[in-house]
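Visitor: take this sequence and fold it.
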Amino acid sequence: MNSNLNSMNTPDELLQAYTTMFLFLGSSVTLSPDEGGLQAFCEKGFLRNLPVTSNNPRFQDASKLLKSPCPHSGRCTQIISDNYDSLFCSDNNAKASPVASTWKYSNTEDESRSQYLKILYNRYGFYKDEKCGLRLDHLSMELLFVNMLLEKYLTEDDYEIKEMIRKDLSSFISDELLTWLPFWAKAVADGSVTKCYSGIAGLVVASLEDVKEILTRR
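Guide: You can find the predicted model right below:
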């Protein structure tokens with residue numbers, strides 16, 4: 001599928017395809033490679049056959065990285081695992097922690113922002129499992145919320161409710177995700193020794209930009 005204005009796919013088809021992208025992208029920075037994250041996607045050829053193509057330059061650059069030959073043949077699994085730990089591990093030494101508060105907010109704003117996320121999540125019935133150790137502003141949680149809103153938007157028949165979802169989703173992408181993810185993606189690129197994580201970080205930002213553009217044109 002192609003996310004440009006001349007695409008043969010409908011906007012709804014494109015948005016649905018991006019939900020698959022977000023599931024892949026979120027799991028890749030949440031699950032270690034040996035837990036069924038990136039390594040499984042790589043083995044299935046997902047990195048070379050993304051469900052969406054785009055005219056977004058950031059998307060194209062990231063896609064090229066993922067499709068290019070691996071420079072660590074024979075050592076890829078261990079290198080990716082070590083890179084995952086150094087980039088995304090939960091301790092204070094993580095080079096690119098995928099948590100919004102790391103990049104966007106001061107400590108004095110954390111409580112009000114967390115309350116904002118709780119209210120927005122609760123409005124749409126999005127709750128974190130009690131056993132889940134991820135913060136509300138973890139990238140994986142925020143992408144899961146984006147996916148849930150996309151599904152609600154695509155299946156809602158009432159125009160007014162559908163429009164409310166569209167506005168809330170567009171605002172969440174603009175005012176929450178895209179205010180910190182470009183900084184995070186740069187940190188990933190700077191600290192990555194593999195093409196995979198640099199490409200994934202680029203796709204996160206580009207895919208959200210594309211979804212926002214589609215929603216804006218509705």
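
Visitor: secondary structure class for the residue nearest to Tyr127 when sequence neighbours are not counted?
Guide: Nearest non-adjacent residue to Tyr127, counting by C-beta to C-beta, 6 or more residues apart in numbering: Tyr121, 7.0 Å away. Bear in mind the C-beta positions are built from the backbone N, C-alpha and C, glycine included. Three-state call for Tyr121 (DSSP: H, G, I helix; E, B strand; the rest coil): helix.

Visitor: what about Tyr121, distance to Pro51?
Guide: Tyr121 is 26 Å from Pro51, where distance means C-beta to C-beta, to the nearest Å.

Visitor: pick out whichever of those two has more residues nearby.
Guide: Tyr121 (18 against 14; other C-beta atoms under 10 Å).

Visitor: measure that one to Phe172 for me?
Guide: 10 Å.

Visitor: shared neighbours, the two?
Guide: Here Tyr121 and Phe172 share the contacting residues Phe145, scored by C-beta atoms under 8 Å, 6 or more residues apart in numbering.

Visitor: after the lowest-mean-pLDDT helix or strand in the chain, next one along is what?
Guide: Using mean pLDDT, DSSP states H and E, the weakest-scoring helix or strand in the chain turns out to be helix 38-43, at a mean of 72. Downstream of helix 38-43, the next assigned helix or strand under DSSP states H and E is helix 57-67.

Visitor: what's that next one packed up against?
Guide: On a contact count with 3 or more C-beta pairs under 8 Å, 6 or more residues apart in numbering; DSSP states H and E, helix 57-67 meets helix 195-216.

Visitor: quick check: buried residues in the helix it packs on?
Guide: Going by neighbour count (16 or more other C-beta atoms under 10 Å), the buried part of helix 195-216 is 195-212, 214-215.

Visitor: so where's the protein shaky on pLDDT?
Guide: 1-8, 36-37, 43, 72-74, 90-92, 105-111 (pLDDT under 70).

Visitor: measure the residue nearest to Arg135 when sequence neighbours are not counted to Ala201 for me?
Guide: What sits nearest to Arg135 in space, not counting adjacent residues and going by C-beta to C-beta, 6+ apart, is Val99, at 5.8 Å. Remark: distance between Val99 and Ala201 (C-beta to C-beta) = 14 Å.

Visitor: tally of neighbours for the residue lying closest to Arg48 once chain neighbours are set aside?
Guide: Spatial nearest neighbour of Arg48, excluding adjacent residues (C-beta to C-beta, 6+ apart): Lys67 at 5.2 Å. As a burial measure, Lys67 scores 13 neighbours (other C-beta under 10 Å).

Visitor: just the helices in the chain please.
Guide: 11-30, 38-43, 57-67, 76-88, 100-103, 107-123, 139-155, 159-171, 178-191, 195-216 (DSSP state H).

Visitor: need the ones you listed in a markdown table with distance to Ala94, can you?
Guide: Converted to a markdown table, the helices of the chain look like this (distance: least, C-beta to C-beta, whole Å):
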| stretch | distance to Ala94 |
| --- | --- |
| helix 11-30 | 11 |
| helix 38-43 | 17 |
| helix 57-67 | 21 |
| helix 76-88 | 6 |
| helix 100-103 | 8 |
| helix 107-123 | 17 |
| helix 139-155 | 12 |
| helix 159-171 | 28 |
| helix 178-191 | 9 |
| helix 195-216 | 12 |
